[in-house]
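1. coords below, sequence missing:
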C-alpha cells in the first residue's frame, strides 16, 4: 500500500500506454461530447481541428484509467480527489495516438483536523507517442497516513 508518507514531493509515477482508435474516439464522444469534430471524420476535416479529435474529456478519462492501473492503484484509501486546477489540453489527441501518463507529487500537507490523513498535490501529464503534452492538470488527493504503533 502507498500512504501519505510514501507520496513525497518529487516522486514520479508512470503508467502503461494505450493507443486510441477512431472507433473509440467516436463512441466516447457520441455518448459524452457529441460534437461533429469528435464524432464525424468528414465534418471534422472542416473544423478548427482539421480532422477527427478526441474529446478532452476522453483524454482525461483515459488518463484516469491508466492511473488506476498503475502503482497508484495502491493508494491506501483509493484515489480520492479533492479538486482539479489548471486542466488543459494543449494539442488534440488523434486516432492512432498512443497516450501514457506521468504523475508527479508536487506537495503534501498533513491534515490538522484529521491526523490520520493528509492532502497530496499531484501534477498529471498525459503524453503522446511524440512526448508532446496531450493533457495536463493539477489535483489534490486525500490520503491515509500510515498508522504508527506506540511502544
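-> That came in fine, so what should we check first? Note that the structure is predicted; figures quoted are calculated from it, not measured.

2. which residues touch the residue nearest the centre of the chain?
-> The C-alpha lying nearest the average C-alpha coordinate of the chain belongs to residue 63 (C-alpha atoms, centre = their mean; 3.8 Å). Contact analysis of residue 63 by C-beta atoms under 8 Å, 6 or more residues apart in numbering lists 15, 99, 101, 124, 126, 135. In short, each C-beta sits where N, CA and C put it, glycine included.

3. now the longest helix out of those in the chain: buried residues?
-> Counting residues, the longest helix in the chain under DSSP state H turns out to be helix 56-68. Going by neighbour count (16 or more other C-beta atoms under 10 Å), the buried part of helix 56-68 is 56, 58, 59, 60, 62, 63, 66, 67.

4. what is the most widely separated pair among the residues you listed?
-> Spanning the widest gap among these are 56 and 67, at 16.4 Å by C-beta to C-beta.

5. which residues of this protein score low on pLDDT?
-> 148-151 (pLDDT under 70).
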